[in-house]
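>>> just need the structure, nothing else, for what follows:
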Amino acid sequence: MQTVLSITIPFFSIIFLGTFFRARKIFNEEASRIITKFAFFVTLPPYVFLNIVKSSDKNIFQWNFIIRFEIVTILIITFSFLFSKFLFQYNNRRASLFSLNSSYPNYGFLGIPLCILAFGNEAAIPISMILFADTIVLLTFVTFFSSNTNESKIYKNLFFIFMNMIKNPLLVAVLIGFIFIIFNISLYPLIYKVLNILSAAAPPTLLFALGIMLWNKVDIEFVRLITVITIFRLIIHPLLIFSIFYYFPSSISPLWINVAVLSSCLPVAATTFAMAGYYETFIKETSSSILVTTILSTISVSIILYLLL
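Residues are numbered from 1 along each chain as shown. So this is what the prediction gives:
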């Protein structure tokens, strides 16, 4: 238990420190945007890239692993989509955003630094593979069901998602890291030193930036909705991931399985808020679900780490 607390207490303390500074108005809204951009565009890409290329595990294409993980992702997003239409009588657009909240963990700000902190830089490749595959599957699903039946609108939104993917510094860093591994490319020492300095700042700035973003109020009217999202996000998802890997044995590395289980119990991704803003719906609900699931993930992450370590 001491090992778990040595990971979770410093980790979540930095998050809530960011929230505290935002609440005290030491960081205003503009400053919050700047530090968030700095974390996401400047420190996170070199952090991910260097941990990928430093990994001794060069077997990045473990299709059995990715297929299993995405089977669970598709199950969660499909069931939550249908569930929201039945329980809340949502139209396709709102149901797709509900399902994105239910199935998309916060890999960027939480998953990557947490997995590397818990399991070492060997965890960089599996968490990056999960991030890459999940982003493509989930955002494509949401785009299709949020675009109604207008074919030109679907293509327009798919193009929007594609352009945002290739401009996403995190996904670009993952892709470049994979290319360096595949072609066994060496990094120039001077460039390595610069990237290493930037990457050292990634974990604290990412967590602090996430804490700043959490400064919000939960709308009481969304309690039932957020409860359902939380159950999907922090309970059902990790249980399904655990089941598909542990009850159907394979040759997949235990480290990769541990990364899959830990990453599945993370809170709602910050990306969902951007998607809600783009489609101009489910915005307040998404904001509240990010806040609540992040707070409650202190429990889910601690339990999962206790079982894995």
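
>>> mind giving me the packing neighbours of the helix or strand hosting residue 203?
For residue 203, the element it lies in under DSSP states H and E is helix 202-213. Contacts defined by 3 or more Cβ pairs under 8 Å, 6 or more residues apart in numbering; DSSP states H and E place helix 202-213 against helix 2-23, helix 29-37, helix 44-54, helix 112-119. For the C-beta atoms, the positions are set from N, CA and C on the backbone; glycine is no exception.

>>> tilt between that helix and helix 2-23?
Angle of helix 202-213 versus helix 2-23, following axes from the mean of the first three to the mean of the last three Cα atoms, to 10 degrees, is 50 degrees.

>>> how far does helix 202-213 sit from its chain's centre?
Taking Cα atoms, centre = their mean, to the nearest Å, one finds helix 202-213 lying 14 Å from the centre of the chain it belongs to.

>>> and stretch 26-36, by the same measure?
On Cα atoms, centre = their mean, the centre of stretch 26-36 falls 21 Å from that of its chain.

>>> for it, give me every contacting residue.
Here stretch 26-36 makes contact (Cβ atoms under 8 Å, 6 or more residues apart in numbering) with 21-22, 205, 208-209, 212-213, 215.

>>> again, only using 7 Å
Identification of contacts with stretch 26-36 by Cβ atoms under 7 Å, 6 or more residues apart in numbering yields 21-22, 205, 208-209, 212-213.

>>> one step back: among the helices and strands packed on helix 202-213, which is nearest residue 69?
Residue 69 lies closest to helix 112-119 among the helices and strands packed on helix 202-213, at 13.6 Å (Cβ to Cβ).

>>> also compute the angle for the closest one relative to helix 202-213, please.
Using the same axes, to 10 degrees, the inter-axis angle of helix 112-119 relative to helix 202-213 is 130 degrees.

>>> which parts of helix 112-119 are buried?
By neighbour count on 16 or more other Cβ atoms under 10 Å, the buried set for helix 112-119 is 112-116, 118-119.

>>> the helix or strand just after it packs against which elements?
Using DSSP H and E, the helix or strand that directly follows helix 112-119 along the chain is helix 124-146. Judged by 3 or more Cβ pairs under 7 Å, 6 or more residues apart in numbering; DSSP states H and E, helix 124-146 is in contact with helix 44-54, helix 63-87, helix 92-103, helix 112-119, helix 151-167, helix 169-182, helix 254-263.

>>> which of those helices comes out lowest on mean pLDDT?
When these are compared on average pLDDT, helix 151-167 comes out lowest at a mean of 67.

>>> hey, C-alpha coordinates of whichever helix or strand comes after the helix holding residue 203 in CSV?
As assigned by DSSP H and E, the chain's next helix or strand after helix 202-213 is helix 223-231. Taking Å, rounded to 0.1, in the frame of the first residue of the first chain, the C-alpha atoms of helix 223-231 are listed here in CSV:
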residue,chain,number,x,y,z
VAL,A,223,-26.3,14.1,-11.0
ARG,A,224,-28.0,11.1,-12.5
LEU,A,225,-26.3,11.6,-15.8
ILE,A,226,-22.8,11.9,-14.3
THR,A,227,-23.5,8.9,-12.1
VAL,A,228,-24.1,6.8,-15.1
ILE,A,229,-21.0,8.1,-16.9
THR,A,230,-18.9,7.5,-13.8
ILE,A,231,-20.1,3.9,-13.6
